[in-house]
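Student: coordinates only, no sequence provided:
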């Protein structure tokens, strides 16, 4: 690496940051990629970890390992605490300060409880591997406790699962929980009938999958009902607490509640002192830079960009990936036109063999759509080994209806799960 | 299930408890199997999770699912707090009380720090999946931190890994850490040379693998040295603290320390008020019951039993499995002779392609021994999907020298790894 090459700092190794890094790999730039985690996560399949169909390692890969071929990229496990636009430096939590000529911010988003952060304790959301294993533990523990519960009301609450939010994540979670709780484990229990468990999907808006055409929303709802999911649209959640969800008209007693209703951008717009929209996303130019700083790009869920039709671009992986590649091309001097998003369609899956796909004029639903969905997701999963492992795992669970990753791991505040030490030290 | 069948309670679903349950499956007994965890763990491969070669789900399977074919067995996720020998009841942490006609205690063992429990914080041991992911996180984080550390002494300490205890677990851990830290990740780092990291195996006794013949101990030591492990036998640990290990003659600065030096039996002998040996194991008769209670069996690591030669039986999986099957046969009225352990040999592996095997007269070491070791372990792994997945994972990592499960997951007290929430709720 020669010091004369421009210094590029990329913050975040999600879809956007990684796409930028790959485009800059082995080019005449000196790249530093900073992420809080050592792994890139294939978030579209995270709900499958939460519902015990896949293991964490199936959908995550070490960032270093993905980029080990790129001799001009160094990867730092660290966190950004400050960006100085004038001095062009990034300060990290470890105290280290990085100079940059070009900066790409791709720090993604986290759950939003719309100002009611106290709800997070009762209804975990789904963003990280820890979130996924927490939800997996909650669902599996609820079934275990129902098996030994003798009080019918408490058993009913243990066997009720509520998913809040009817977007793609909520729809996928509800379908997968229904299959896990109602079918996969059905032969394993003696006292409870898993098929009697209830999965309720609550959505404030008038229909599921609002980013899809109404016909596909209706299809998705129909398919979910076929899996035994109770769909309640037009039902805003007004209260949430330990073991219950309150909506405008009803009080649901449920021990397992999953939050899939909202996200907010990371704090990058605050760091930059940049203009932001209501969701906290930094407003960017058509070149994906912030106003007044041509050298600072903001991409992915952290950015508020608009498509050719003037509509805001959705917070999905293809947008982040295309923006990452575009920002890298700008830095390499290869892109001069404004960023234009190429829409390859919109997919969501419902359970183990159904999906909906919106390709504009062509709309698919059912088994064929699921095959397309599977092929697309396995294809885009990073790393050959993950592809192979995910395919064999899916094939196996498809053939047997079993879930291979049904492990309850980690501590749980509500159970006496620690063993007493044998004897105290003298 | 008819109430007239004898009630059998099995506590613990490790190798011993599970072997007993399988032998009693679909027989004329009413079995309740209690375990604190929802999964059976294939402990002999746990070190491979700790060293990022396998995922937790590869070596663990839900107990319910293993036994779902057995209509006379119910599985409870619970913990024993008391056993009443006179009333023949077992009290669980949930408050539930189980009556039994026959009781099998198979609760295993945990780490022993020989009375210095404060060492546990600095040198985690390896018994559960959480232990394994903790060690994996420590090893991978040490490499990450070394990459961004500029002080040479601190970097040296980050790249020093100490394994305490030269039994099979310590030997396997040391070999696997050496391969992970010195070879697998070598291309992924820019500032450090992983091959310069040091792995030190410390053993108080005069040789490694004391349960093997001296010739194989020497072979194992030679193979470990070939992997770059520094072997220090005859070196008792006298002190342990954050970032350092003290032995009689030297002070080792190391950020990653793993404890593989000792185990102690679970508290079962205390519950039973039974006679116990120095390691806390319940003394059992030749029929594996405790003195004075023909209906209470103690097996596996919790029991102190002797072989035909008068020597204590080792705390290994084959002993537990044979004892479990024997206890079940006694309960079914099929076994009348005293328990006799059939020794099929003793195996330990060193790194990715070497092992030692002791079959009495025949002793093997090197690659052929490793092939036998692999075949035996994959064969005994529970569940077809695990076998397939472990085999493909091994084959893949054997061919590429890569580790597929290199994820740093969970919180870590020493790093600023939590993201600040974007903005506080009003």
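Tutor: Cool, the structure landed. Everything quoted here is computed from the prediction, not taken from an experiment.

Student: just want the residue of the stretch 151-300 of chain A that's nearest chain B.
Tutor: Across the stretch 151-300 of chain A, no residue is closer to chain B than residue A:188, which sits at 3.7 Å (C-beta to the nearest C-beta). All C-beta atoms are positioned from the backbone trio N, CA, C, and that covers glycine.

Student: how about the closest residue to that residue other than its chain neighbours, phi and psi?
Tutor: Closest residue in space to residue A:188, ignoring its immediate chain neighbours: residue B:64 at 3.7 Å, by C-beta to C-beta, 6 or more residues apart in numbering or on different chains. With angles defined as degrees, to the nearest 10, residue B:64 sits at phi -50, psi -40.

Student: give me every residue that touches residue B:64.
Tutor: By C-beta atoms under 8 Å, 6 or more residues apart in numbering or on different chains, the contact set of residue B:64 is A:185, A:188-189, B:38, B:75.

Student: next one: it from residue A:195, what distance?
Tutor: Distance of residue B:64 to residue A:195, given as C-beta to C-beta, to the nearest Å: 16 Å.

Student: does the lengthiest helix in chain A reach chain B?
Tutor: Longest helix in chain A by number of residues, with DSSP state H as the criterion: helix A:129-148. Yes: shown here: helix A:129-148 in contact with chain B (C-beta under 8 Å from any C-beta of the partner chain) through A:129-130, A:133, A:140-141, A:144-145, A:147-148.

Student: turn these into CSV, columns for neighbour count.
Tutor: Output for the residues of helix A:129-148 next to chain B, formatted as CSV (neighbours: other C-beta atoms under 10 Å in any protein chain shown):
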residue, neighbour count
A:129, 22
A:130, 14
A:133, 23
A:140, 26
A:141, 20
A:144, 21
A:145, 21
A:147, 20
A:148, 18
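
Student: out of these, the closest to chain B would be?
Tutor: Ranked by distance to chain B (C-beta to the nearest C-beta), the residues of helix A:129-148 next to chain B are led by residue A:144 at 4.1 Å.

Student: next up, the contacts around that closest one.
Tutor: A:408, B:38, B:77.

Student: change it to 7 Å
Tutor: B:38, B:77 (C-beta atoms under 7 Å, 6 or more residues apart in numbering or on different chains).

Student: which one is residue A:83 nearest to, not counting chain neighbours?
Tutor: Leaving aside its sequence neighbours, residue A:83 sits nearest to residue A:271 (C-beta to C-beta, 6+ apart; 4.5 Å).

Student: following the helix or strand encompassing that neighbour, which helix or strand comes up?
Tutor: For residue A:271, the element it lies in under DSSP states H and E is helix A:268-272. Sequence-wise, the next helix or strand beyond helix A:268-272 is strand A:282-283, with elements assigned using DSSP H and E.

Student: and the contacts of that next one?
Tutor: By C-beta under 7 Å, 6+ apart, strand A:282-283 touches A:268-269, A:272, A:274-277, A:290, A:298, A:302-304.

Student: cool, stretch A:219-234 as well?
Tutor: Under C-beta under 7 Å, 6+ apart, the answer for stretch A:219-234 is A:166, A:171, A:174-175, A:178-179, A:182, A:198-203, A:205-209, A:348, A:350-351, A:354, A:356, A:365.

Student: and it, how far apart are its ends?
Tutor: This stretch, stretch A:219-234, spans 17 Å end to end (C-alpha to C-alpha, to the nearest Å).

Student: average model confidence for that stretch?
Tutor: Over the span of stretch A:219-234, the pLDDT mean works out to 94.

Student: buried residues in that stretch?
Tutor: For stretch A:219-234, burial by neighbour count (16 or more other C-beta atoms under 10 Å in any protein chain shown) applies to A:219-221, A:223-224, A:227-232.

Student: next one: stretch A:18-26
Tutor: Buried positions in stretch A:18-26, judged by neighbour count with 16+ other C-beta under 10 Å: A:18-25.

Student: likewise stretch A:168-188?
Tutor: Going by neighbour count (16+ other C-beta under 10 Å), the buried part of stretch A:168-188 is A:168-185, A:188.
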